[in-house]
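Engineer: Task: produce atomic coordinates for the following.
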Amino acid sequence: MSRIGRMPIAVPAGVTVDIAENNHVTVKGPKGTLERTLPAEMEIKLEGAEINVSRPNDLKRMKSLHGLTRTLVNNMVVGVTEGYTKVLEVNGVGYRAGKSGNKLTLNLGYSHPVEMVDPEGLESVVEGNKITIKGIDKEKVGQYAAEIRDKRRPEPYKGKGIKYADEVIRRKVGKTGKK
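Structural biologist: As a prediction, the model looks like this:
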């Protein structure tokens with residue numbers, strides 16, 4: 001039995017969960033509303049103040065969908081109550097990040113500044129060399145953070161580039177002179 005899939009999801013006060021046909025789940029909370037159509041084979045039940053996900057049989061596909069479905073619903077519930085954040089750090093001489101309106105401007109050693117517009121439902125905040133991305137959809141927050149990081153990935157010699165705040169860069173030793 002899936003250990004994650006078996007666990008019930010607690011629905012906090014102030015959050016309403018709607019389960020329509022074809023497992024179209026709508027979660028409304030203090031931070032906003034999230035909708036998602038989940039695999040139709042899974043059985044999602046709202047019992048009092050908790051949600052339970054069960055599977056019809058023990059086929060390999062059903063086992064893998066069981067934990068996934070439960071996690072997706074849980075991420076929606078957490079998103080509308082607390083929200084998600086990702087913190088990125090800009091490291092390097094002359095590397096800077098700036099914000100004007102909903103435009104994020106990155107100076108990353110290229111001949112031109114890189115401009116990115118915040119996607120709908122997400123907000124980025126720049127403080128010094130840190131970029132914080134906030135939103136209610138975990139998938140969108142992670143995707144936007146990855147797109148920003150891809151503009152200049154951290155390199156292993158000096159550690160210049162954009163990295164996640166909790167990321168550890170494996171450093172390499174540079175060239176040594178001949179004798």
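Engineer: Tell me where this structure has strands.
Structural biologist: Using DSSP state E, the strands of the chain run over residues 9-10, 16-19, 24-29, 32-37, 43-47, 50-54, 84-91, 96-100, 103-107, 114-117, 122-127, 130-135, 161-164.
Engineer: list the buried ones in the last one?
Structural biologist: The neighbour-count criterion (16 or more other Cβ atoms under 10 Å) identifies 161-163 as the buried residues of strand 161-164. No exception for glycine: its C-beta is placed from N, CA and C like everyone else's.
Engineer: Residue 166 and residue 56, how far apart?
Structural biologist: From residue 166 across to residue 56, the span is 38 Å (Cβ to Cβ, to the nearest Å).
Engineer: cool, residue 175 as well?
Structural biologist: Taking Cβ to Cβ as the measure, residue 175 falls 60 Å from residue 56.
Engineer: more neighbours, the two?
Structural biologist: Set residue 175 next to residue 56 and count neighbours by other Cβ atoms under 10 Å: residue 56 wins out with 10 against 6.
Engineer: wait, that one sits on residue 41?
Structural biologist: Yes - with contact defined as Cβ atoms under 8 Å, residue 56 and residue 41 form a contacting pair (6.0 Å).
Engineer: Name the residues contacting each of those two.
Structural biologist: In terms of Cβ atoms under 8 Å, 6 or more residues apart in numbering, residue 56 and residue 41 are both contacted by the residues residue 62.
Engineer: show me what contacts residue 116?
Structural biologist: Going by Cβ under 8 Å, 6+ apart, residue 116 touches 103-104, 106, 147-148, 151.
Engineer: mind checking the longest helix of the protein?
Structural biologist: The residue-count maximum for a helix in the chain (DSSP state H) belongs to helix 60-81.
Engineer: Alpha carbons of it, as PDB, please.
Structural biologist: What follows is helix 60-81, C-alpha atoms only, in PDB (Å, rounded to 0.1, in the frame of the first residue of the first chain):
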ATOM      1  CA  LYS A  60       1.500  -0.900 -11.100                       C
ATOM      2  CA  ARG A  61       0.000   2.200 -12.800                       C
ATOM      3  CA  MET A  62      -2.700   2.600 -10.000                       C
ATOM      4  CA  LYS A  63       0.000   2.300  -7.300                       C
ATOM      5  CA  SER A  64       2.100   5.100  -8.900                       C
ATOM      6  CA  LEU A  65      -1.000   7.300  -9.500                       C
ATOM      7  CA  HIS A  66      -2.100   6.800  -5.900                       C
ATOM      8  CA  GLY A  67       0.700   8.700  -4.100                       C
ATOM      9  CA  LEU A  68       0.900  11.300  -6.900                       C
ATOM     10  CA  THR A  69      -2.800  12.200  -6.700                       C
ATOM     11  CA  ARG A  70      -2.700  12.600  -2.900                       C
ATOM     12  CA  THR A  71       0.400  14.800  -3.200                       C
ATOM     13  CA  LEU A  72      -1.100  17.000  -5.900                       C
ATOM     14  CA  VAL A  73      -4.300  17.600  -3.800                       C
ATOM     15  CA  ASN A  74      -2.100  18.300  -0.700                       C
ATOM     16  CA  ASN A  75       0.000  20.800  -2.600                       C
ATOM     17  CA  MET A  76      -3.200  22.600  -3.600                       C
ATOM     18  CA  VAL A  77      -4.400  22.800   0.000                       C
ATOM     19  CA  VAL A  78      -1.100  24.000   1.300                       C
ATOM     20  CA  GLY A  79      -0.800  26.500  -1.600                       C
ATOM     21  CA  VAL A  80      -4.100  28.300  -0.900                       C
ATOM     22  CA  THR A  81      -3.400  28.500   2.900                       C
END
